[in-house]
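1. Have a look at this prediction, sequence included:
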Amino acid sequence: MDSHAIYLSSMLMVFLLLIDGTFGRSSTKIAINELPGICSTTLNPSLFFQALTSDPRTGGANIKGLAQISIDLANATATASFIASVAGEATNRQLKVRYQSCAIYFNSSMGSLDGCTNAVSSGDFSGLQSQASASLDGPVSCGDSFQGPPADPAQLSNKYQIIEQLISIILAIK
């Protein structure tokens, strides 16, 4: 397991240990001045803050609304489509296999993100954490597959790293 995966696993454990009275806050609106505290627990706090404050739904959102906004931001559909397209065009056999694997990983992540939406709808914040953690597997596994040569000419790393960071926003919701 590489250091990046260990870091993400450690973050998940911290988030799971910190799950507390979320259900009591589910109907209370989150004040904008509370976002920096929530943001500080993500992989990229400035991205988190910028993403949430740029969404007009954030101003009146409660914890469930904030969770759904975060899930919507992490939608990996465009990345999965990009990967499938690159896989179809790849001429290097090894890269083609890696891209095809990444496409499978991202499709699985999208299923877990759907599970996040279902968990939020039912008020199951423990399930939200579990599904968000599972959705991280796609971008992490995709990144791991490009650790050695040949290099990724499609520059996929930027795309899967952004998805990882956006999923970390979901994990910060507790």
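-> Received it, and whenever you're ready, just let me know what you need.

2. so what's residue 105 up against?
-> Residues in contact with residue 105 (CB atoms under 8 Å, 6 or more residues apart in numbering) are 137, 138, 139, 141, 142. Backbone N, C-alpha and C define where each C-beta goes, glycine included.

3. Just flag the most distant two among those residues.
-> 137 and 142 (9.3 Å; CB to CB).

4. Based on its surroundings, how many neighbours for the nearest residue to residue 29 once chain neighbours are set aside?
-> Spatial nearest neighbour of residue 29, excluding adjacent residues (CB to CB, 6 or more residues apart in numbering): residue 62 at 5.4 Å. Neighbourhood size, residue 62 [other CB atoms under 10 Å]: 13.

5. Also residue 153?
-> When neighbours are counted by other CB under 10 Å, residue 153 comes out with 10.

6. if we can go back for a sec, phi and psi next, for the residue nearest to residue 29.
-> Main-chain torsions, residue 62, degrees, to the nearest 10: phi -90, psi -170.

7. Apart from its neighbours in sequence, what residue is nearest residue 99?
-> Nearest to residue 99 is residue 87, by CB to CB, 6+ apart, at 3.5 Å.

8. and residue 137 and residue 142? which has more neighbours close in?
-> Shown here are residue 137 and residue 142; by other CB under 10 Å, residue 142 has more neighbours (28 against 17).
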